[in-house]
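1. Structure of the sequence below:
(chains A and B)
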Amino acid sequence: GQQLNQSPQSMFIQEGEDVSMNCTSSSIFNTWLWYKQDPGEGPVLLIALYKAGELTSNGRLTAQFGITRKDSFLNISASIPSDVGIYFCAGQYAGGTSYGKLTFGQGTILTVHP
Amino acid sequence: GAGVSQSPSNKVTEKGKDVELRCDPISGHTALYWYRQRLGQGLEFLIYFQGNSAPDKSGLPSDRFSAERTGESVSTLTIQRTQQEDSAVYLCASSYQTGLSSPLHFGNGTRLTVT
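-> Residues are numbered from 1 along each chain as shown, chains lettered A, B, ... in the order given. Below you'll find the model as predicted:
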């Protein structure tokens, strides 16, 4: 099956710093998504990417869909304390019965020190 | 309601007992998904529904796990003869339709503890 490797596993940064995390896959995806999960809650969609090479921004967040369709990165600029949480990448493959299924990375735990 | 609703939010059960977890999707969403999240790990796909049918149930870990959906709305995930390794947060999500441009909206999950 498809495997996603997400790194780093955790990050400890100072408020105001920029953050970068990435995911790589053993096979291609048609869609890459980035989610954030706060404690006790479900993941919330941050950014969705639909085309290879696409670069998309959402406020202080920027994400790119790798040209090979096997990787994606997420950048957070000028971090603030409420950025704390777990960030997940997810890939979606448009094929057969897997059409609706997301494959998730292991998550990056982000801690922001004021 | 405005979002995906799951109940109960927490469930503690004894090993060997059966449990039922419920998911109410966003009204009008035709696709519904179940994921499992073990402590400190990512989300593991279990099953998804398009309408009341399940095109992909490949993630169900064993025949102790089953799910159904009725009325293209509520879904229940049933775990029979629970084992300690079933302890996890079970997350439900729905989307307007299956498709690459129809994002998943997650509920807050049911935290299952098997003692």
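
2. Quick one: the strands in the chain, in order.
-> You didn't pick a chain, so chain A it is. A:4-7, A:10-14, A:19-25, A:31-37, A:44-49, A:55-58, A:61-65, A:71-76, A:85-92, A:102-104, A:108-113 (DSSP state E).

3. my bad, the chain I had in mind was chain B
-> Counting by DSSP E, the strands of chain B are B:5-7, B:10-13, B:19-24, B:31-37, B:43-50, B:53-56, B:65-69, B:75-79, B:88-95, B:105-106, B:110-114.

4. what would the ones you listed look like in a markdown table with distance to residue A:10, mean pLDDT and mean neighbour count?
-> In short, each C-beta sits where N, CA and C put it, glycine included. Converted to a markdown table, the strands of chain B look like this (distance: least, Cβ to Cβ, whole Å; pLDDT from 0 to 100; neighbours: other Cβ atoms under 10 Å in any protein chain shown):
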| stretch | distance to residue A:10 | mean pLDDT | mean neighbour count |
| --- | --- | --- | --- |
| strand B:5-7 | 27 | 97 | 18 |
| strand B:10-13 | 26 | 98 | 14 |
| strand B:19-24 | 30 | 98 | 19 |
| strand B:31-37 | 17 | 94 | 25 |
| strand B:43-50 | 18 | 92 | 23 |
| strand B:53-56 | 32 | 90 | 17 |
| strand B:65-69 | 31 | 98 | 18 |
| strand B:75-79 | 30 | 98 | 20 |
| strand B:88-95 | 19 | 95 | 24 |
| strand B:105-106 | 22 | 92 | 22 |
| strand B:110-114 | 22 | 98 | 18 |
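
5. do you know which of those lies nearest residue A:46?
-> strand B:105-106 (12.6 Å; Cβ to Cβ).

6. Any idea how many residues pack against residue B:85?
-> Taking other Cβ atoms under 10 Å in any protein chain shown as the criterion, the count of residues near residue B:85 is 9.

7. If the closest residue to chain A within chain B is in a bridge, with which residues?
-> Per Cβ to the nearest Cβ, residue B:106 is where chain B lies closest to chain A, at 3.0 Å. Beta-bridge partners for residue B:106, by DSSP bridges, are residue B:93.

8. Contact partners for it?
-> By Cβ atoms under 8 Å, 6 or more residues apart in numbering or on different chains, the residues touching residue B:106 are A:42, A:43, A:44, B:4, B:91, B:92, B:93.

9. Tell me where the model's unsure across chain A.
-> By pLDDT under 70, the low-scoring segments of chain A are A:1-2, A:95-100.

10. What's opposite residue 20 in the beta bridge?
-> I went with chain A, as the question did not name one. Applying DSSP bridges, one finds that residue A:20 bridges with residue A:75.

11. ah, no, chain B please
-> Applying DSSP bridges, one finds that residue B:20 bridges with residue B:78.

12. Who are the contact partners of it?
-> Residue B:20 touches B:76, B:77, B:78, counting by Cβ under 8 Å, 6+ apart.

13. 10 Å - rerun?
-> B:7, B:8, B:11, B:76, B:77, B:78, B:79, B:80, B:110 (Cβ atoms under 10 Å, 6 or more residues apart in numbering or on different chains).

14. OK, now which residue of chain A is nearest to chain B?
-> Closest point on chain A to chain B, by Cβ to the nearest Cβ, is residue A:42, at 3.0 Å.
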